[in-house]
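Asks: My questions are about this predicted structure, shown below with the sequence.
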There are 2 protein chains.
Amino acid sequence: MGEVAQLADVSPSTVSLYLRHPDKVSSQRAERIQTAIDRLGYLPNTMAGGLASSRSNVIGVIVPTITNSFFSATLETLERHLRPAGYQLLIGNSEFDESREEELVRSILSWNPAGLVLTGFVHSRKSISLLTKSDTPIVEMWDFGQKGLDMVVGFSHRTCGKLVAEHFLAKGYRKAAFLSTSFQRDIRAKERYQGFREDMTNAGGSVVLRELQGRSNTAETGDLVRELLSDHADLEAIFCANDIVALGVLLECQRQGWPIRDRLAVAGFGNQDFTASTVPPMTTVEPPSQEIGQHIARMLLARLGGDLTEQETRLDLGVRLVAREST
Amino acid sequence: MGEVAQLADVSPSTVSLYLRHPDKVSSQRAERIQTAIDRLGYLPNTMAGGLASSRSNVIGVIVPTITNSFFSATLETLERHLRPAGYQLLIGNSEFDESREEELVRSILSWNPAGLVLTGFVHSRKSISLLTKSDTPIVEMWDFGQKGLDMVVGFSHRTCGKLVAEHFLAKGYRKAAFLSTSFQRDIRAKERYQGFREDMTNAGGSVVLRELQGRSNTAETGDLVRELLSDHADLEAIFCANDIVALGVLLECQRQGWPIRDRLAVAGFGNQDFTASTVPPMTTVEPPSQEIGQHIARMLLARLGGDLTEQETRLDLGVRLVAREST
DNA sequence: CTTGTATATCGTAGCGCTACGATTTTTGAG
DNA sequence: CTCAAAAATCGTAGCGCTACGATATACAAG
């Protein structure tokens, strides 16, 4: 920065001022400074700036995994809205592990971030204490229904399960199964199961649960479907933890020659692009992946801008049932 | 840090020393310092540290989009290998736009990163000049065959295209099509097309090209397949730019009652999980998504550790054809 | 009990920038 | 042309930490 100042024949303060508040510098010098910056290829040192101003343009986000279209869509939207406002996302993968999350919380907090976005409500004791001690704005996303640490943006997975139960019941399905990725990995799938099960059993139906070993896997799904149908020959419908698992069910039925809907109805979760094109088109639930990112950005920006009119801190975005021909 | 020093009754220097080189501090004081840190919930300020030591633990990564299982797998692997070494990933989405990439390069370079990972060889003039001016180690990934700016880790998409051509020809397919997402979005798909086309035509075959409007979309894929088959009734096989598009083709064929392989053979790219379970199981190409991340981490770490034995800067990881029953 | 050497601790300067008050220049009314 | 107020510019003091040389302490050998 010193070099730029020298070349533009102004003081370093003026260069800093120009960078921070360009309109506070006379147009004549502004031009000289910009020329010098371009000539020298000068890039301000973000760390020095952050240290001096003791606030940073970093916003941390912790997701269980980015290899998951749900979270990556949210992440992408978040970035799209936050970067233009000058913020930089710091993304961490907790890999569904509380202690890794804690490590990430430490690591991100040590950047003195302007905000921190977490996935879900489950955090280690220590994480919570670190989080509450710091006065960083916190957002918990992709769930709804608990108190939360600060702001909450998501939807209720229980309600989502109930929505599908309602749909199944309306279609006349009583004997159902929930086919899920491991609950340990995805606690939110468990919440959907609970809501689903509650309403199905309350209406006199039944729900069998099957969990995959790990992440979505269509081959393992096929095995589980065959096993399920041989154990419960009267099964009428399966609600899957996500669209990939539901695709696995559809494909297994095709392989076995079981007609979808007549022999077995299938619903997914995610409303991924391909669900509209399966044979038959798949019934699924659309989570507000992008909206979550959008609203988090809005709320965070309002909070950081000191906008006091924005008092809202908890947002339930809900889900939408996309009824197609597989149920 | 001052507080910690006071509570532990040592000087701030010793606290810093303990944090940086714990073994250089007597065990007695080490313990006192750790206790003080825990009691106060102290987190070192990364920016101050980075500024003072004038090196940072940041490694920037620019990908076109993280909503893509290829890049997100690489990203996840990269993080898994780099975080334990104390590095923090700074991820940016260029959204397939050269000028956005340039913005990201600026923004990341201003963090004075320890390394920068870019996707592909195509960068704006200005980006290249910024990149060469800085002495940050650079890695260009997910492609191979050009000189590159510094290190290169990926594979040749041309060769990949040739590999599929060879497979098609061996199976007796001569009249082929390449069904792609927009080349503007994915220049690497274009390279695969070129390699594929070259070897198909050299062997007396033909290749028709069709591009989707934007990102993979199974519905649009279906339309394109019907159009393709009505324009070219003698078409024998389609090589798709990715597995989702290939799934779209498979599903359209199912819908139309066209037997896969007898009427039309299909190959994808990605070897995503579900490809093994489609009906019939899909032939596809497996790119080294994880290996790319792994080797970048290794090479970067070697470079940053000043390991001079590690002289390798260009790595072709190749691809693997996964021949299944759709071809 | 020296003395030399290794080990542990500390003080100070400075990383590159911003905030803020001090100083200088510009502007426009009288 | 004068002078006060406004606008533009500048100087200085840190932000929280690390590096490094200076100092203090421990330890072993003579």
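Replies: Great, that's in hand. Numbers count the residues shown, from 1 in each chain, chains lettered A, B, ... in the order given.

Asks: A:Ser240 and DNA strand D, how far apart?
Replies: No Ser there; residue A:240 is Cys. Between A:Cys240 and DNA strand D the distance is 48 Å, computed by C-beta to the nearest atom of the strand, to the nearest Å. From N, CA and C alone the C-beta is placed, and that goes for glycine too.

Asks: For A:Arg215, give me the pLDDT.
Replies: On the pLDDT scale, A:Arg215 is placed at 83.

Asks: Return the residues in contact with the residue nearest to it when sequence neighbours are not counted.
Replies: In space, not counting the residues next to it along the chain, A:Arg215 is nearest to A:Thr181; the distance is 5.9 Å by C-beta to C-beta, 6 or more residues apart in numbering or on different chains. Contacts for A:Thr181 (C-beta atoms under 8 Å, 6 or more residues apart in numbering or on different chains) come out as A:Ala189, A:Glu211, A:Leu212, A:Gly214, A:Arg215, A:Ser216, A:Ala241, A:Asn242, A:Val245.

Asks: List buried members of the residues you listed by neighbour count.
Replies: The neighbour-count test (16 or more other C-beta atoms under 10 Å in any protein chain shown) marks A:Ala189, A:Glu211, A:Leu212, A:Arg215, A:Ser216, A:Ala241, A:Asn242, A:Val245 as buried among the contacts of A:Thr181.

Asks: Enumerate every residue touching the second one.
Replies: Counting by C-beta under 8 Å, 6+ apart, A:Glu211 makes contact with A:Ser180, A:Thr181, A:Ser182, A:Phe183.

Asks: Identify the residue spatially nearest to the first one, adjacent ones excluded.
Replies: Nearest-residue entry for A:Ser180: A:Ala241, 3.8 Å, with adjacent residues in sequence omitted and distances by C-beta to C-beta, 6+ apart.

Asks: shouldn't that neighbour be in contact with A:Thr284?
Replies: No - using C-beta atoms under 8 Å, A:Ala241 makes no contact with A:Thr284, being 11.4 Å away.

Asks: Strands of the stretch 101-250 of chain A, start to end?
Replies: Using DSSP state E, counting those that start in this stretch, the strands found in the stretch 101-250 of chain A span residues A:115-119, A:138-141, A:151-154, A:175-180, A:206-211, A:237-240.

Asks: Tell me, how many residues neighbour A:Arg125?
Replies: Here the count is done by other C-beta atoms under 10 Å in any protein chain shown, and A:Arg125 has 9 residues near it.

Asks: How about the contacts made by the nearest residue to A:Gly248 once chain neighbours are set aside?
Replies: With C-beta to C-beta, 6+ apart as the criterion, A:Gly248 has its nearest non-adjacent residue at 3.0 Å, and that residue is A:Thr221. A:Thr221 sits next to A:Leu179, A:Leu212, A:Val245, A:Gly248, A:Val249, A:Glu252, B:Ser277 when contact means C-beta under 8 Å, 6+ apart.

Asks: Recalculate using a threshold of 10 Å.
Replies: Contact analysis of A:Thr221 by C-beta atoms under 10 Å, 6 or more residues apart in numbering or on different chains lists A:179, A:181, A:210, A:212, A:238, A:240, A:244-252, B:273-274, B:277.

Asks: cool, A:Ala203 as well?
Replies: If you count contacts by C-beta under 10 Å, 6+ apart, then A:Ala203 has A:Ala165, A:Glu166, A:Phe168, A:Leu169, A:Arg174 around it.

Asks: Tell me the gap between stretch A:152-164 and the middle of its chain.
Replies: 14 Å (C-alpha atoms, centre = their mean, to the nearest Å).

Asks: residues in contact with A:Gln194?
Replies: A:His157, A:Arg158, A:Gly161, A:Lys162, A:Phe178, A:Val207.

Asks: give me that answer again for 6 Å
Replies: A:Arg158 (C-beta atoms under 6 Å, 6 or more residues apart in numbering or on different chains).

Asks: Can you check what pLDDT the model gives it?
Replies: 98.

Asks: try A:Gln311
Replies: 73.

Asks: How about the strand or helix carrying A:Thr74 and chain B, touching?
Replies: Secondary structure assignment for A:Thr74, by DSSP states H and E: helix A:69-82. Yes - residues of helix A:69-82 contacting chain B under C-beta under 6 Å from any C-beta of the partner chain: A:Ser72, A:Ala73, A:Glu76, A:Glu79.

Asks: Export these as JSON lines, with columns for pLDDT.
Replies: Converted to JSON lines, these look like this (pLDDT from 0 to 100):
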{"residue": "A:Ser72", "pLDDT": "95"}
{"residue": "A:Ala73", "pLDDT": "96"}
{"residue": "A:Glu76", "pLDDT": "96"}
{"residue": "A:Glu79", "pLDDT": "96"}
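
Asks: where do the helices sit along chain A?
Replies: A:2-8, A:12-20, A:27-40, A:46-53, A:69-82, A:98-109, A:125-133, A:157-170, A:187-202, A:218-231, A:243-256, A:289-304 (DSSP state H).

Asks: So which of the ones you listed has the densest surroundings on average?
Replies: helix A:243-256 (a mean of 24; mean count of other C-beta atoms under 10 Å in any protein chain shown).

Asks: tell me the contacts of the most centrally placed residue in chain A?
Replies: Note on chain A: the residue nearest the mean C-alpha position is A:Phe71, at 3.7 Å, using C-alpha atoms, centre = their mean. Applying C-beta under 6 Å, 6+ apart to A:Phe71 gives the contacts A:Val63.

Asks: what residues does the stretch 1-150 of chain A put near DNA strand C?
Replies: A:1-2, A:12-13, A:16-17, A:19-20, A:44-45, A:48-49, A:51-53 (C-beta under 7 Å from any atom of the strand).

Asks: Surely A:Leu7 and A:Ala36 touch.
Replies: Yes - between A:Leu7 and A:Ala36 there is a contact under C-beta atoms under 6 Å: 4.0 Å.

Asks: Next one: A:Asn57 from A:Lys133, what distance?
Replies: 22 Å (C-beta to C-beta, to the nearest Å).

Asks: out of the residues of helix A:69-82 next to chain B, which one sits closest to DNA strand C?
Replies: Minimum distance to DNA strand C across these is 22.3 Å, recorded for A:Glu79 (C-beta to the nearest atom of the strand).
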